[in-house]
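[1] Need coordinates for the below:
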Amino acid sequence: LLTLTMVITTEARSALANLTIPAATISSDPLVALIAAISPPYQTNVNIVKKGGSLTLIIGPDTLTHRNAILRSLCGNGLHNALDSQGSSPLLFLGGHSASSFAGSSAISALAIAGITSWMSVASSIHDGSTDDVSTLIVQLNGYFVTRGFVVPSAAPTLADLDLYLAIVTKVAGDELESM
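    I've put the predicted structure just below:
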């Protein structure tokens, strides 16, 4: 069995993490594609597997296979907060909370990270659910956003905001969204 692998970044020996992504995932999951594209090349070796394979992140002795855990790890402590600190990225994918929760054990940051995890689970359930479920969620979100700008306390959109948005717009057409 021949597996074709395309390496996007630097040599594997220079990376802290090895990310393997099936080509089908790159084309169907814009958030995975975005995070893979902007992950620091000296920290992340990205391999796109054209046939077969599964989404996998290897960091040291640990192997992650769950999409949401992989995304949070790439944005946070797994790669030394490379995508969640000022100046490293145009967005703070974990709202700037991973660095502070790692260093100072802030209760607010711990709750924000837990919120990101929860909202990403909601986004996963949208991918697996029906359009009716999305309609109900959108009504609930309209009430939720009366007093908030983003799904977790943050000055800018987080990984959870992007994941939730992309899950909704891939499930519901634009005309339907306007009528909800």
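
[2] so where do the strands sit in the chain?
    5-7, 17-22, 44-49, 56-59, 62-64 (DSSP state E).

[3] Put together a markdown table for the ones you listed, with mean neighbour count and mean pLDDT on each row.
    For the C-beta atoms, the positions are set from N, CA and C on the backbone; glycine is no exception. What follows is the strands of the chain, written out as a markdown table (neighbours: other C-beta atoms under 10 Å; pLDDT from 0 to 100):
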| stretch | mean neighbour count | mean pLDDT |
| --- | --- | --- |
| strand 5-7 | 11 | 48 |
| strand 17-22 | 20 | 94 |
| strand 44-49 | 21 | 92 |
| strand 56-59 | 19 | 93 |
| strand 62-64 | 14 | 93 |
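
[4] Out of these, which is closest to Ser135?
    Nearest to Ser135 among the strands of the chain is strand 17-22 (30.9 Å), distances taken as C-beta to C-beta.

[5] how about low-confidence regions in the chain?
    1-14, 86-90, 99-105, 130-131, 173-180 (pLDDT under 70).

[6] all helices of it, in order?
    23-28, 30-38, 67-75, 97-104, 107-128, 131-144, 159-171, 174-179 (DSSP state H).

[7] can you pull the alpha-carbon coordinates of the second one into CSV?
    Translated: helix 30-38. C-alpha atoms of helix 30-38 as CSV (Å, rounded to 0.1, in the frame of the first residue of the first chain):
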residue,chain,number,x,y,z
PRO,A,30,-11.8,25.4,6.8
LEU,A,31,-10.8,25.8,10.4
VAL,A,32,-8.4,22.9,10.4
ALA,A,33,-7.0,24.3,7.1
LEU,A,34,-6.5,27.8,8.6
ILE,A,35,-4.8,26.6,11.8
ALA,A,36,-2.5,24.3,9.8
ALA,A,37,-1.6,27.1,7.4
ILE,A,38,-0.7,29.6,10.1
